[in-house]
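1. Need the 3D shape of this:
(one chain, ligands or ions: 3)
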Amino acid sequence: MKAHIVTLPGDGVGPEVTAAAVAVLKAVAARYEHVFDFDEQLIGGAAIDACGEPLRAASLVACRCADAVLLGAVGGPKWSDPNAPVRPEQGLLALRAALGVYANLRPLQVHPALANLSPLKNERLHDVDVLFVRELTGGMYFGTRTRSDDAATDECKYTVTEIERVVRRAFELARGRRRQLTSVDKANVLETSRLWRSTVQRIAADYPDVRVEHQLVDSMAMLLLTRPASYDVVVTENLFGDILTDEAAALAGSLGLLPSASLGDGRRGLYEPIHGSAPDIAGQGVANPVGAILSAALLLRHSLGLEAEAEAVEAAVDTVLRDGPHSRDLGGSAGTAAVLAAILAALDSPAANTVTRFSGARA
Ligand SMILES: NC(=O)C1=CN([C@@H]2O[C@H](COP(=O)(O)OP(=O)(O)OC[C@H]3O[C@@H](n4cnc5c(N)ncnc54)[C@H](O)[C@@H]3O)[C@@H](O)[C@H]2O)C=CC1
Ligand SMILES: CC(C)CC(=O)C(=O)O
Ligand SMILES: [Mg+2]
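-> Ligands and ions are numbered 1, 2, ... in the order given. From the prediction side, this is the model:
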């Protein structure tokens with residue numbers, strides 16, 4: 001098949017991990033006789049430096065015309081002045097809104113070979129298989145902000161439509177898995193959460209085959225660490241999902257491992273590792289590329305419909321997590337290039353890839 005993919009490497013380790021993911025996509029194209037063409041565009045601090053804005057209109061048009069968009073990360077200390085007129089994150093938020101990718105899928109599994117890195121020492125760690133569905137285009141990240149000398153506000157607003165579409169997506173995903181949905185909110189305090197909860201309760205009537213529970217976000221932060229194997233699909237609003245998934249990444253062993261797929265109603269999606277630009281390790285060639293490479297696998301699955309190819313990438317990652325080499329965040333000493341080379345080699349000899357129950361981190 002032919003596919004047109006826009007890449008937005010961004011800042012910090014973004015370009016390092018995106019280059020690795022593109023190398024994997026090129027290897028997939030060669031092996032399976034597809035034609036993928038890539039168009040690299042600027043976003044975030046790199047775009048501010050080049051043209052004064054974090055996402056140019058022309059880059060957005062390029063994304064809208066693509067079959068899929070692959071992003072690295074944005075931001076960093078260089079652009080973090082609180083008084084700066086524009087910030088890198090504005091480009092990412094504008095992109096997510098403009099593409100209408102309201103459902104951010106963040107799968108979490110714990111690879112058996114990495115279980116020792118988890119803060120939990122629990123035999124049920126191997127059973128952890130959670131799919132977070134984070135609302136991505138509403139809530140506090142998109143509310144009106146105000147600032148005076150001695151006060152600031154961030155509006156948190158949700159409409160029923162915004163809640164309903166992501167919750168329905170989560171129910172549908174639960175139907176394809178273990179039919180269990182946990183909705184996370186703060187309904188004991190927040191009005192947006194009360195609207196969230198009543199909307200989930202109403203929609204649940206359409207999915208009688210899915211078991212639903214509601215959990216307050218503060219206790220969920222604790223339960224995620226004490227009984228993560230109890231959860232199947234977890235749906236929540238933008239801010240809570242952002243925080244809970246970084247916490248969840250600790251269970252897997254590193255923030256550098258987790259991928260994401262951001263989807264709307266159409267086929268085109270935005271794919272990015274869940275981590276940020278990691279300025280503390282940027283430019284050293286040591287970033288873990290696995291989150292970005294697994295995001296490329298999600299791109300193959302969700303935007304291009306190439307299931308076998310997605311599984312081949314996930315199996316190659318599985319093999320390398322099992323056998324090494326491991327990057328520094330996983331306790332190894334391999335750089336990004338060595339991890340990539342091992343994944344490409346595994347992709348080249350699929351028969352050698354034993355697929356454990358861990359399938360990358362699949363969504
Ligand atoms: N989607 C995005 O573009 C995001 C951007 N950011 C931005 O990134 C910048 C840094 O934010 P932080 O809070 O430091 O979060 P971060 O996710 O960039 O890094 C947190 C920690 O995880 C490590 N880490 C992250 N990715 C890694 C990888 N692939 N391999 C190995 N280690 C990795 C980092 O070295 C750091 O110690 C900020 O400007 C922030 O706004 C933060 C989160 C998401
Ligand atoms: C706007 C982003 C920087 C928020 C974030 O941390 C994320 O999407 O993971
Ligand atoms: Mg985040």
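2. Which strand or helix spans the nearest residue to residue 54 once chain neighbours are set aside?
-> Distance criterion Cβ to Cβ, 6 or more residues apart in numbering; nearest residue to residue 54, sequence neighbours excluded, is residue 91 at 2.9 Å. All C-beta atoms are positioned from the backbone trio N, CA, C, and that covers glycine. Counting by DSSP states H and E, the element that carries residue 91 is helix 88-99.
3. does any part of that helix sit near ligand 2?
-> Yes - where contact is defined by Cβ under 6 Å from any ligand atom, part of helix 88-99 touches ligand 2, namely 89, 92, 93.
4. filter those down to the ones close to ligand 1.
-> Under the cut-off given by Cβ under 6 Å from any ligand atom, ligand 1 has 89, 92 from the residues of helix 88-99 next to ligand 2 close to it.
5. now, among the residues of helix 88-99 next to ligand 2, which is nearest to residue 18?
-> When the residues of helix 88-99 next to ligand 2 are compared for distance to residue 18 (Cβ to Cβ), residue 92 wins out at 13.7 Å.
6. contacting residues around the closest one?
-> By Cβ atoms under 8 Å, 6 or more residues apart in numbering, residue 92 lies in contact with 10, 43, 44, 54, 55, 71, 74.
7. State the distance from the fifth one to residue 298.
-> Here residue 55 is placed at a distance of 22 Å from residue 298 (Cβ to Cβ, to the nearest Å).
8. Over to the second one?
-> Separation of residue 43 from residue 298 (Cβ to Cβ): 19 Å.
9. Make sure residue 131 is indeed in a strand.
-> Yes - for residue 131, which was evaluated using DSSP: H, G, I helix; E, B strand; the rest coil, the result is membership in a strand.
10. quick one: contacts for it?
-> 105, 106, 107, 108, 173, 177, 232, 233, 234, 363.
11. tell me which of those residues is nearest to residue 270?
-> Sorting the contacts of residue 131 by how near they are to residue 270, with Cβ to Cβ, puts residue 105 at the top with 11.0 Å.
12. In a strand, that closest one, correct?
-> Yes - checked against three-state DSSP, residue 105 lies within a strand.
13. And the helices in the stretch 51-200 of the chain?
-> Along the stretch 51-200 of the chain, the segments classed as helices by DSSP state H, counting those that start in this stretch run 57-64, 88-99, 160-175, 191-204.
14. between the ones you listed, which gets nearest to residue 333?
-> When those are compared for distance to residue 333 using Cβ to Cβ, the nearest one is helix 88-99, at 30.6 Å.
15. Same question for that closest one: list its buried residues.
-> Buried residues in helix 88-99, counting neighbours by 16 or more other Cβ atoms under 10 Å, are found at 88, 89, 91, 92, 93, 94, 95, 96, 99.
16. Just give me how far that helix sits from the chain centre.
-> Between the mean C-alpha location of helix 88-99 and the chain-wide mean there is a distance of 15 Å, by Cα atoms, centre = their mean, to the nearest Å.
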